[in-house]
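Asks: What shape does this take:
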Amino acid sequence: MSTERDHRHVNNETPPLSPRERFYRRERRSVPAARAFAHEVLADWGVHGRADDVALCVSELATNALVHGAPPGRGFLLRLLPSGDGVRVEVHDSGAGVPAVPQAPDRSNESGRGLLLVSELADKWGVADRAPGKVVWCEWAGDGSGR
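Replies: Coordinates of the predicted model:
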């Protein structure tokens, strides 16, 4: 009995990861929904090392979009993008203003620390213009998963 060898090319490369996005309305349940979506995407991508940091930053940016960036009747777009061996998170809203990390957060206030957390957990973050509104983004250079 002889065995024939198949000489066709076998693609052993991992397919590239594709950006994922979802739009959320201006309502309280959008924040946990955005966080759950981020966890789902990261699991699909095999990102485990910094998934909790990414999800926490998604929560903070989504909350800021709802409170400060999405006018009534509007919402925000959450976009997750593969970035090299890391992850980029973008939150698009139609509100005006440029968010900034408070220099001295008021310790008696319950709010005002979201961007401080993002600046500590993400490798980079920033704000870009968009018409109308802005995009607040953050990135992680790698996730520790070895993908």
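Asks: Not counting residues beside it along the chain, what's closest to residue 91?
Replies: Excluding the flanking residues, the one nearest residue 91 by CB to CB, 6 or more residues apart in numbering is residue 61, at 4.2 Å. Bear in mind the C-beta positions are built from the backbone N, C-alpha and C, glycine included.
Asks: following the helix or strand that neighbour falls within, which helix or strand comes up?
Replies: Remark: residue 61 resides in helix 51-64, with elements defined by DSSP states H and E. Remark: after helix 51-64, the chain's next helix or strand is strand 75-83, criterion DSSP H and E.
Asks: what lines up beside that next one in the sheet?
Replies: Sheet partners assigned to strand 75-83 using DSSP bridges are listed as strand 20-25 (antiparallel), strand 86-93 (antiparallel).
Asks: Adding mean pLDDT and distance to residue 65, write those out as JSON lines.
Replies: Shown next, in JSON lines, are these (pLDDT from 0 to 100; distance: least, CB to CB, whole Å):
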{"stretch": "strand 20-25", "mean pLDDT": "97", "distance to residue 65": "8"}
{"stretch": "strand 86-93", "mean pLDDT": "96", "distance to residue 65": "4"}
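Asks: Return the angle between stretch directions for the helix or strand of the chain with the lowest mean pLDDT and strand 86-93.
Replies: Lowest on mean pLDDT, DSSP states H and E among the helices and strands of the chain sits helix 114-121, with a mean of 90. Relative orientation of helix 114-121 versus strand 86-93 (axes from the mean of the first three to the mean of the last three CA atoms, to 10 degrees): 170 degrees.
Asks: Report the angle between helix 114-121 and helix 51-64.
Replies: Going by the same axes, to 10 degrees, helix 114-121 makes 160 degrees with helix 51-64.
Asks: Going by neighbour count, list what's buried in helix 114-121.
Replies: Across helix 114-121, burial judged by 16 or more other CB atoms under 10 Å covers 114, 115, 117, 118, 121.
Asks: Ok, stretch 30-39 next?
Replies: For stretch 30-39, the neighbour count (16+ other CB under 10 Å) marks 30, 31, 33, 34, 35, 37, 38, 39 as buried.
Asks: Then stretch 84-91?
Replies: 86, 87, 88, 89, 90, 91.
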